[in-house]
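Student: I would like to see how this sequence folds:
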Amino acid sequence: MTGFAFGQTVERDRRDQRPDPYNPARTVPGPWSEATTITIDGAWVASSSSTRSETATRAQILTEKSLFCQPDDDVLPGDRIRADGVEYFVHVKPAADRNPFTGWQPHLEVPLEDREG
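Tutor: Purely as a prediction, here's the structure:
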């Protein structure tokens, strides 16, 4: 299976896990400055929704999008996706369901999130 004919190249950043300084029995993500980056070719970042919330002390815009790529592309919760000069974060598990009757598997859908404010 190939990517989208008019897709785009995006970058996926993943932080290494390191011992938690407060509890060495568990791990925490390292800094983004030391993340491992891979390139995902032929992907597509599609708009989903954008909402604005305001309180007395804060205004915030939450933008949700979806990354569509090949089912075997390596994207996991906790990753950062960079596309079109914007950084999006993966907070949920990506899914690429397989049709039980034909075995056909569409592209992987990765819900993305960006918060401003």
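
Student: residues contacting the residue sitting nearest the centre point of the chain?
Tutor: Centroid-nearest residue in the chain: V90, 3.5 Å away (criterion: Cα atoms, centre = their mean). Residues near V90 by Cβ atoms under 8 Å, 6 or more residues apart in numbering: 75-81, 110-113. For every residue, glycine as well, the C-beta is placed using N, CA and C.

Student: Where does pLDDT dip in this structure?
Tutor: Low-confidence segments of the chain (pLDDT under 70): 1-3.

Student: could I get the lengthiest strand in the chain in PDB with only the CA atoms?
Tutor: In the chain, assigned by DSSP state E, the strand with the most residues is strand 36-54. The C-alpha atoms that make up strand 36-54 are tabulated as PDB, following Å, rounded to 0.1, in the frame of the first residue of the first chain:
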ATOM      1  CA  THR A  36      14.100  10.600  18.100                       C
ATOM      2  CA  THR A  37      12.600  11.800  14.900                       C
ATOM      3  CA  ILE A  38      11.400   9.800  11.900                       C
ATOM      4  CA  THR A  39       9.800  11.100   8.600                       C
ATOM      5  CA  ILE A  40       6.400   9.800   7.500                       C
ATOM      6  CA  ASP A  41       5.900  10.300   3.800                       C
ATOM      7  CA  GLY A  42       2.600  10.300   1.900                       C
ATOM      8  CA  ALA A  43       0.600  11.200   5.000                       C
ATOM      9  CA  TRP A  44      -2.400  13.500   5.300                       C
ATOM     10  CA  VAL A  45      -3.400  15.800   8.200                       C
ATOM     11  CA  ALA A  46      -7.100  16.500   8.100                       C
ATOM     12  CA  SER A  47      -9.100  19.100  10.000                       C
ATOM     13  CA  SER A  48     -11.500  18.000  12.600                       C
ATOM     14  CA  SER A  49     -12.600  20.700  14.900                       C
ATOM     15  CA  SER A  50     -11.500  23.800  16.900                       C
ATOM     16  CA  THR A  51     -13.000  25.100  20.100                       C
ATOM     17  CA  ARG A  52     -12.300  28.100  22.300                       C
ATOM     18  CA  SER A  53     -12.800  28.100  26.000                       C
ATOM     19  CA  GLU A  54     -12.500  31.100  28.300                       C
END
